[in-house]
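A.B. asks: Need coordinates for the below:
(one chain, ligands or ions: 1)
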Amino acid sequence: MAKALIVFATRAGETDRIANLIAEGLRFSAVDVKLVNVTDIKTEKDLMGYDALVLGSATYHGEMMAKMKTLLFMGEKAELEGKVGGAFGAFGWSGEAPDRIFDTMKNIFKMNMVSASLRLKSSTIEGGIRMAQDYGREIGKKLEGK
Ligand SMILES: Cc1cc2nc3c(=O)[nH]c(=O)nc-3n(C[C@H](O)[C@H](O)[C@H](O)COP(=O)(O)O)c2cc1C
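C.D. replies: Residues are numbered from 1 along each chain as shown. Below is the predicted model of the structure:
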């Protein structure tokens with residue numbers, strides 16, 4: 001069974017909700033999922049041993065949250081090349097964080113990324129729930145194809 005790690009950075013809980021919906025989508029695809037808050041990642045070793053890594057952060061003041069930036073510096077040493085990746089986050093109007101994370105995973109970590117990041121204004125509307133679950137399924141499909 002393929003293993004995936006989802007790490008989220010949130011202030012008000014919305015990015016946590018999206019992370020849980022992505023986890024549901026991955027589980028539909030029979031992937032073993034671990035879901036953790038970014039505060040639980042202490043060293044690059046905590047990012048290792050998974051077939052897929054999915055990172056999410058809310059956007060505040062045009063940026064990802066500080067702890068996710070720290071994690072991305074850690075990730076450089078985590079031997080993630082070729083692993084399946086995705087990035088996501090809740091936002092209000094500009095939503096920079098998911099694309100910044102996605103680009104780092106692609107260009108620095110050299111991960112095998114899904115088509116794009118997932119940016120959601122709300123995970124509570126029906127369309128948002130479906131989009132987040134489908135993002136998990138897309139990652140699951142990419143894992144099957146490996
Ligand atoms: C002080 C403050 C600053 C924010 N700055 C941005 C911003 O620059 N761009 C944006 O798209 N949303 C911004 N937002 C909206 C949040 O990204 C949005 O509420 C999001 O759902 C929060 O996610 P979270 O619940 O995971 O923390 C801001 C919200 C607050 C309270």
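A.B. asks: can we go C-alpha only for contacts and neighbour counts from here?
C.D. replies: Noted.
A.B. asks: Return the set of buried residues in the longest helix along the chain.
C.D. replies: With secondary structure taken from DSSP state H, the chain has its longest helix at helix 126-144. By 16 or more other Cα atoms under 10 Å, the buried positions in helix 126-144 come out as 128-140, 142-143.
A.B. asks: same thing with stretch 1-11?
C.D. replies: 3, 4, 5, 6, 7, 8, 9, 10.
A.B. asks: Go ahead and name everything in contact with that stretch.
C.D. replies: The contact list for stretch 1-11, computed with Cα atoms under 8 Å, 6 or more residues apart in numbering, reads 15-16, 19, 23, 30-39, 47, 50-58, 65, 67-68, 143.
A.B. asks: what does the protein put close to the ligand?
C.D. replies: With Cα under 6 Å from any ligand atom as the criterion, the chain meets the ligand at residues 10-15, 58-62, 90-95.
A.B. asks: filter these to the buried ones?
C.D. replies: Buried members of the residues of the chain next to the ligand, scored by 16+ other Cα under 10 Å, are 10, 14, 15, 58, 59, 60, 90, 91, 95.
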